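A.B. asks: Give me a 3D structure for the following:
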Amino acid sequence: MIFGLGNYGVSLAASLIEAGNEVIGIDKDPLRVDLVKDQITFAVTLDSTNEAAVRTLPCKEVDAAIVAIGENEGAAILTTAILKKNGVKRIISRSISPLHQMVLEAMGIEEIVHPEQESADRLSKMLHLKWVLNNFEVDDRFSIIEVQLGPQFVGKTIQEADFRRNHQLNIITIIREQTRRNILGGNRVVRESIGVVTPDMRLQAGDILVVFGSNAAISTFCECNVEG
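C.D. replies: Numbering: from 1, shown residues only. Predicted coordinates:
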């Protein structure tokens, strides 16, 4: 369930649906609900600060409830408190400000997201490191990144490229375009992980590498990748 169908909530819902999940979207604004009702599993016009109304939702059955409300800290905090009181097993809350963060932490919320800050940090790294498509910082020294495969690696096997020895990077998986048949019988192209890599897997043009390593090694590899 996603509470708050603003830009962030709608984008998140679309990504979850695309990944094959079922999504219930909730917002008190009927216009927002009407805009997404045909794009997600179920959309509800409901005031999430009303505990009685929230109790009508399948709170205990969902895998997670995400409080994506971004324009009203009070509503976001109250919604989170109601969900916690009603036994939702996993609550992910959006933090709007440092004070909001402190309140969520005091409530015992362990999963707190900062979409604006995180998006800015990712964009900064993507602009700094050419060919990086996405990134996730493990800590201040190590990251996991998605990077477009450079032309000098096309046609080589994982063993031949030897990323661990040559670049001090571990290949977690490869994201590759695959053709899938949809329910109407047509074909669609999707990007999917090929799973665990093996030494004999051959790299293809258009591959996206998901790699883990130190930030210094990643920076050096990206420069090499561009030069190739």
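A.B. asks: Every contact and neighbour count from this point should use C-alpha atoms.
C.D. replies: Fine.
A.B. asks: what about the longest strand in this structure?
C.D. replies: Among the elements of type strand in the chain, defined by DSSP state E, the one spanning the most residues is strand 170-181.
A.B. asks: Now tell me what touches stretch 187-201 from outside.
C.D. replies: Contact partners of stretch 187-201, identified using Cα atoms under 8 Å, 6 or more residues apart in numbering, comprise 157-159, 171-182.
A.B. asks: Provide a ChimeraX selection command restricted to the buried entries of those.
C.D. replies: Those of the contacts of stretch 187-201 that count as buried under 16 or more other Cα atoms under 10 Å are selected in ChimeraX with:
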select :157,158,171,172,173,174,175,176
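A.B. asks: Looking at the contacts of stretch 187-201, spot the one nearest residue 17.
C.D. replies: Out of the contacts of stretch 187-201, the one with the shortest distance to residue 17 is residue 182. That distance is 14.6 Å, counting by Cα to Cα.
A.B. asks: The longest strand of the chain: how far from the chain's middle?
C.D. replies: For strand 170-181, the separation from the chain centroid amounts to 17 Å (computed by Cα atoms, centre = their mean, to the nearest Å).
A.B. asks: buried residues in the host helix or strand of residue 102?
C.D. replies: Using DSSP states H and E, residue 102 sits within helix 98-106. Buried positions in helix 98-106, judged by neighbour count with 16+ other Cα under 10 Å: 100-101, 104.
A.B. asks: Export those as TSV, with columns for distance to residue 3.
C.D. replies: Below are the buried residues of helix 98-106 laid out as TSV (distance: Cα to Cα, whole Å):
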residue	distance to residue 3
100	16
101	17
104	16
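A.B. asks: picking up where we left off before, contact partners of the next helix or strand after the helix holding residue 102?
C.D. replies: Counting by DSSP H and E, the element after helix 98-106 in chain order, helix or strand, is strand 111-113. Contacts made with strand 111-113 from outside it, assessed by Cα under 8 Å, 6+ apart, are listed as 91-95, 101, 104.
A.B. asks: one more time with 10 Å, if that's ok
C.D. replies: Identification of contacts with strand 111-113 by Cα atoms under 10 Å, 6 or more residues apart in numbering yields 66-68, 90-96, 101, 104-105.
A.B. asks: Many thanks, we can stop here.
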